[in-house]
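Trainee: Could you work out the structure for the sequence below:
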Amino acid sequence: MPERFDPYLKWLGIRDDERPPNHYRLLGLDLFESDPEVINAAADRQMLHVRTYQTGSQAAISQQLMNELAAARRCLLNQSTRIEYENLVAGQRGGSTSSQGKATGEALPDFQFEAAPSSDQLPALKTERAKQSVSRSRHTGAKTAITLITIPLGGIAGVSVAILLLWVGLGLDPFGLIVTPDPTVVQRLDNESLEPSPQQNPKPKPKTPQPPVQTPTTPTPTTPTPVTPTTVTPPVTPPVTPPVTPPGTPPVTAPDNPAAVERPVVTKPPVIVRIAVPDAAEIDAAKQEISDIFKADYERANRLAGQDRRQALQRVSKTIATVIDRVPDDTRNYALYQVAIDVGKFSFDFDHTLALVGQLEERFDVDGLQVRYEIFLYWQEKIPLQFPVDQHSAKLIEMVPFAIPMISQAQASNRLATAANYANMISQCYEQAGDPKWAAAMRKMADELARGDR
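Mentor: Model (predicted):
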């Protein structure tokens with residue numbers, strides 16, 4: 001009998017006592033982690049690791065686990081679903097754990113994972129809980145109403161029984177509720193006759209209505225009137241006056257296909273036209289003008305060292321970025337983007353610098369993938385020179401999550417060579433960080449992408 005393959009244990013290190021794993025455990029996060037950057041980085045790391053098994057004998061299981069990781073990432077990156085999921089996990093941790101099953105996967109494509117409920121199941125769980133709550137409230141309300149009705153009825157019945165016992169057994173009527181007839185009145189009623197006396201005038205009987213007497217009449221002979229044929233004249237149809245159409249109203253015509261009237265009008269999304277890159281000589285002149293304006297700030301930052309210098313350069317880059325679009329000149333705006341990106345690159349501010357590249361790519365006709373690739377190469381080369389030795393590995397690994405999405409973006413654009421370049425660069429970052437396993441995985445991916453490009 002072949003040994004059962006357990007991807008949770010072999011690939012993610014999740015043992016039986018942690019089954020079924022919740023989203024946090026799947027991504028290797030602390031319980032109830034809420035930082036989007038930490039969640040994104042953890043998801044990229046786990047998915048990149050599992051993706052390395054997609055070409056082996058466990059390809060189907062790898063794909064199923066990739067789907068679970070993607071669902072966990074979507075749930076935790078959305079604030080509303082993450083809060084609902086936190087409440088769900090907290091409730092499960094507070095309750096009994098006897099219902100948690102054990103993952104028993106076979107080394108077959110139909111391996112069944114037993115992950116915790118996904119974000120798609122949260123609305124159904126909430127609806128079920130709401131139904132249970134309404135049912136409980138209705139049951140409680142019915143019991144309360146019955147109790148409120150039973151108490152006064154029981155009291156009334158008790159008082160009635162007490163009065164009956166006093167009256168029958170002792171002949172007492174404490175509340176004067178039993179009415180005893182007056183004997184004189186009873187005697188008088190016995191002596192009186194039910195027949196009316198002669199002095200009494202009986203009521204007259206109602207008269208029966210008699211039918212009216214009809215007198216017979218002699219019919220008078222009539223002379224028949226000759227029928228004169230008449231000519232039927234067809235009705236005259238009045239002329240139809242066309243409705244008066246206000247000026248400027250488009251004519252209304254009947255469609256060939258009546259069903260076409262009910263079809264919604266489909267409008268194409270607007271085509272975003274990006275601005276062409278200005279002339280190189282004009283860009284250089286504008287960049288020199290901008291550098292002269294911010295020269296004092298740039299020199300002041302360069303007089304510092306280490307982290308202080310990097311923070312000062314971040315402030316300069318963000319200040320330059322605030323000036324963009326304040327001048328109605330595409331050449332100067334393009335130059336402002338380039339100067340702000342260059343200064344941000346020197347400050348090693350990954351998030352701000354790459355966001356500026358995204359804005360530049362949306363507005364101007366530039367190759368955003370190539371611009372980012374050159375910036376990543378600069379950071380890969382300069383991080384060992386600009387940061388202390390004990391920070392080299394951490395800073396390189398911090399940069400990797402920003403580069404990994406570029407592989408998928410290049411693949412979507414059918415630029416496999418560019419995707420292979422990114423994979424090679426990430427592999428070198430892992431080698432510099434002292435992680436040969438991930439370096440080999442990314443190098444393998446780069447080779448596959450390069451073969452697909454040929």
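
Trainee: Quick check: buried residues in the one helix or strand Gln411 maps to?
Mentor: Assigned by DSSP states H and E, Gln411 belongs to helix 392-412. Neighbour counts over helix 392-412 (16 or more other C-beta atoms under 10 Å) mark 392-393, 395-404, 406-407, 410-411 as buried. No exception for glycine: its C-beta is placed from N, CA and C like everyone else's.

Trainee: Same question for stretch 51-68.
Mentor: For stretch 51-68, the neighbour count (16+ other C-beta under 10 Å) marks 51-53, 58, 61-62, 64-66, 68 as buried.

Trainee: Closest one to Ser347 out of those residues, please.
Mentor: Arg51 (32.1 Å; C-beta to C-beta).

Trainee: What number of residues are in the vicinity of Asn414?
Mentor: Residues near Asn414, counting by other C-beta atoms under 10 Å, number 9.

Trainee: Against Asn22, how distant is it?
Mentor: Separation of Asn414 from Asn22 (C-beta to C-beta, to the nearest Å) stands at 38 Å.

Trainee: With Pro278 instead?
Mentor: Counting by C-beta to C-beta - Pro278 and Asn22 are separated by 52 Å.

Trainee: Next: Lys437.
Mentor: In this view, Lys437 and Asn22 are 26 Å apart by C-beta to C-beta.

Trainee: Those two: which is more packed in?
Mentor: Asn22 (21 against 10).

Trainee: isn't the more buried one right up against Val89?
Mentor: Yes - when contacts are counted by C-beta atoms under 8 Å, Asn22 is listed as touching Val89 (5.2 Å).

Trainee: ok, residues contacting the helix or strand hosting His49?
Mentor: In the assignment (DSSP H and E), His49 maps to helix 36-51. Helix 36-51 is contacted from outside by 11-12, 26-29, 33, 62, 65-66, 69-70, 72-73, 76-77, 398, 400-401, 404, 438, 441-442, 445, using C-beta atoms under 8 Å, 6 or more residues apart in numbering.

Trainee: And the contacts of stretch 306-326?
Mentor: 290, 294, 297-298, 300-302, 304, 333, 336-337, 339-341, 343-344, 346-349, 352-353, 356, 359, 386.

Trainee: so how far does stretch 276-284 reach from one end to the other?
Mentor: Using C-alpha to C-alpha, to the nearest Å, one end of stretch 276-284 lies 16 Å from the other.

Trainee: burial count for Ile426?
Mentor: 28.

Trainee: need the contact list for it.
Mentor: Taking C-beta under 8 Å, 6+ apart as the test, what Ile426 contacts is 400, 403-404, 407, 442.

Trainee: can you do 10 Å?
Mentor: 48, 376, 380, 396, 399-401, 403-404, 406-407, 438-439, 441-443, 445-446 (C-beta atoms under 10 Å, 6 or more residues apart in numbering).

Trainee: Give me the residue ranges of the chain where confidence is low.
Mentor: 1-3, 95-272, 454 (pLDDT under 70).

Trainee: the domain parsing of it - what is it?
Mentor: 7-124, 280-453 (automatic domain parsing).

Trainee: mind putting those domains in TSV, distance to Arg274 included?
Mentor: Output for the domains of the chain, formatted as TSV (distance: least, C-beta to C-beta, whole Å):
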stretch	distance to Arg274
domain 7-124	28
domain 280-453	4
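
Trainee: returning to what we had before: give the buried subset of the contacts of helix 36-51 as a ChimeraX selection command.
Mentor: To isolate the buried members of the contacts of helix 36-51 in ChimeraX, using 16+ other C-beta under 10 Å:
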select :11,12,26,27,29,33,62,65,66,69,72,73,76,398,400,401,404,438,441,442,445
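
Trainee: The contacts of helix 36-51 in helices, which ones?
Mentor: 11-12, 26, 62, 65-66, 69-70, 72-73, 76-77, 398, 400-401, 404, 438, 441-442, 445 (DSSP state H).

Trainee: List the buried residues in the host helix or strand of Leu313.
Mentor: Using DSSP H and E, Leu313 maps to helix 306-323. Residues of helix 306-323 classed as buried: 309-310, 312-314, 316-318, 320-321, 323 (neighbour count, 16+ other C-beta under 10 Å).

Trainee: The helix or strand that it is followed by relative to helix 306-323, how many degrees between them?
Mentor: Following helix 306-323 in sequence order, the next helix or strand is helix 330-347 (DSSP H and E). Angle, helix 330-347 to helix 306-323, by axes from the mean of the first three to the mean of the last three C-alpha atoms, to 10 degrees: 160 degrees.

Trainee: Report all helices and strands that helix 330-347 contacts.
Mentor: helix 280-293, helix 295-302, helix 306-323, helix 350-363, helix 368-386 (3 or more C-beta pairs under 10 Å, 6 or more residues apart in numbering; DSSP states H and E).

Trainee: Please save the CA atoms from that helix in CSV.
Mentor: Presented in CSV, the C-alpha positions along helix 330-347 are these (Å, rounded to 0.1, in the frame of the first residue of the first chain):
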residue,chain,number,x,y,z
ASP,A,330,3.5,67.8,-20.2
THR,A,331,7.3,68.1,-20.5
ARG,A,332,7.8,69.5,-17.1
ASN,A,333,5.3,67.0,-15.5
TYR,A,334,7.2,64.1,-17.2
ALA,A,335,10.5,65.6,-15.8
LEU,A,336,9.0,66.0,-12.3
TYR,A,337,8.0,62.3,-12.4
GLN,A,338,11.5,61.2,-13.4
VAL,A,339,13.3,63.4,-10.8
ALA,A,340,10.9,62.2,-8.0
ILE,A,341,11.4,58.6,-9.1
ASP,A,342,15.2,58.9,-9.1
VAL,A,343,15.3,60.5,-5.7
GLY,A,344,12.9,57.9,-4.3
LYS,A,345,15.1,55.2,-5.8
PHE,A,346,18.2,56.6,-4.0
SER,A,347,16.1,56.6,-0.7
